[in-house]
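# quick one: sequence and predicted model below, then my questions.
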Amino acid sequence: MTEDPKPKGTLTLRTMAMPADANPAGDIFGGWVMAQMDLASGISAAERAKGRVVTKAVKEMAFALPVKIGDTLSIYTEIERVGRSSITLCIEAWATRARYNKMEKVTEGTFIMVALDEDGQPKAVPAE
């Protein structure tokens, strides 16, 4: 018997997919999903950096399943690496299907954030 997969990381953001975020077939735009992942990355990285962060890069992102209108999208974040000014995060997006109450991983990606000082220049991420 196989065990259902579970999300990796910490639940950082939850939101509902709405009709304004969808194409005529009812599939949510990938850009909207990616924006939610970017928001969650920013939240997690800013907490770790104890200040302002910006997105430097998004790597290795692939969509496995569509998100539909009415699904609850849950974004999980896990810090993989902390450099001098950068923070690399593994981000997973999971959809709880509105009609079936089933949770499925829809996409994942690697986001790289950079800590900034008050002047918008890269700054060192403080030790934990």
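Yep, that arrived.

# in the chain, which strand is the longest?
Secondary structure assigned by DSSP state E gives strand 103-115 as the longest strand of the chain.

# by mean pLDDT, which helix or strand of the protein comes out lowest?
Lowest on mean pLDDT, DSSP states H and E among the helices and strands of the chain sits strand 53-63, with a mean of 93.

# just the buried residues of it, please?
Buried residues in strand 53-63, defined by neighbour count with 16 or more other Cβ atoms under 10 Å: 53, 61. Placement of C-beta: from N, CA and C, glycine included.

# what pairs with the longest strand of the chain, parallel or antiparallel?
In the sheet, strand 103-115 lines up against strand 53-63 (antiparallel), strand 86-96 (antiparallel) (DSSP bridges).

# following element in sequence after the first one, please.
Read it as strand 53-63. strand 72-82 (DSSP states H and E).

# distance from the chain centre to that following strand, please.
Distance of strand 72-82 from its chain centroid, counting by Cα atoms, centre = their mean, to the nearest Å, is 5 Å.
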